[in-house]
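> Predicted model follows, preceded by the sequence.
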Amino acid sequence: MTINLGAEISRRRREQKLTQEDLAELSDLSVNFISRLERTKDQNISIQKLDSIARALNTTTPDIINNAYRSKPVKSSEVSLDSTPVFVKKVANELRKLPKDKAERMCKAFIILLKEVN
């Protein structure tokens, strides 16, 4: 039995209404890498890159691997209840890139701003 991680990643990405560009940005990988991974059956991917993709898709690496082996895929919505909008994921991704203290200050400022708008 062969495993096609790219097909599973593509299926999950489409279910979450993400483009390849969105997934690339959320996982800090290139669009070319995501595209090649999804369209080829012969993948060579490091566990670190697969972990990054899994986090961007709000799942786990073992879940992607296990689901890629299944004959009938499990929908992401059956596995994860996360329906976070793409722009919120992008903000969270950018915050993860900051040093912890700076990210914390940004979050506090954002919360204050949200409270003022409401």
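That came through fine. Residues are numbered from 1 along each chain as shown.
> from here on, contacts and neighbour counts on C-alpha atoms
OK.
> tell me the domain ranges of the protein?
Following automatic domain parsing, the chain resolves into domains at 1-82, 84-118.
> Which of those comes out lowest on mean pLDDT?
Note on those: domain 84-118 shows the lowest mean pLDDT, a mean of 79.
> I'd say Thr40 and Ile3 touch.
No - counting by C-alpha atoms under 8 Å, Thr40 does not reach Ile3; the two are 11.4 Å apart.
> More neighbours: which of the two?
Set Thr40 next to Ile3 and count neighbours by other C-alpha atoms under 10 Å: Ile3 wins out with 16 against 13.
> Using the three-state scheme, assign that one.
Under DSSP: H, G, I helix; E, B strand; the rest coil, Ile3 falls in the coil class.
> dump the residue contacts of it.
Ile65, Ala68, Tyr69 (C-alpha atoms under 8 Å, 6 or more residues apart in numbering).
> tell me which element Ala92 is part of?
For Ala92, the host element (DSSP states H and E) is helix 86-97.
> contact partners of that helix?
For helix 86-97, contacts defined as C-alpha under 8 Å, 6+ apart pick out Leu18, Asp22, Glu25, Leu26, Ala56, Ala103.
> quick one: the fourth one from Lys89, how far?
Per C-alpha to C-alpha, to the nearest Å, Leu26 is found 7 Å from Lys89.
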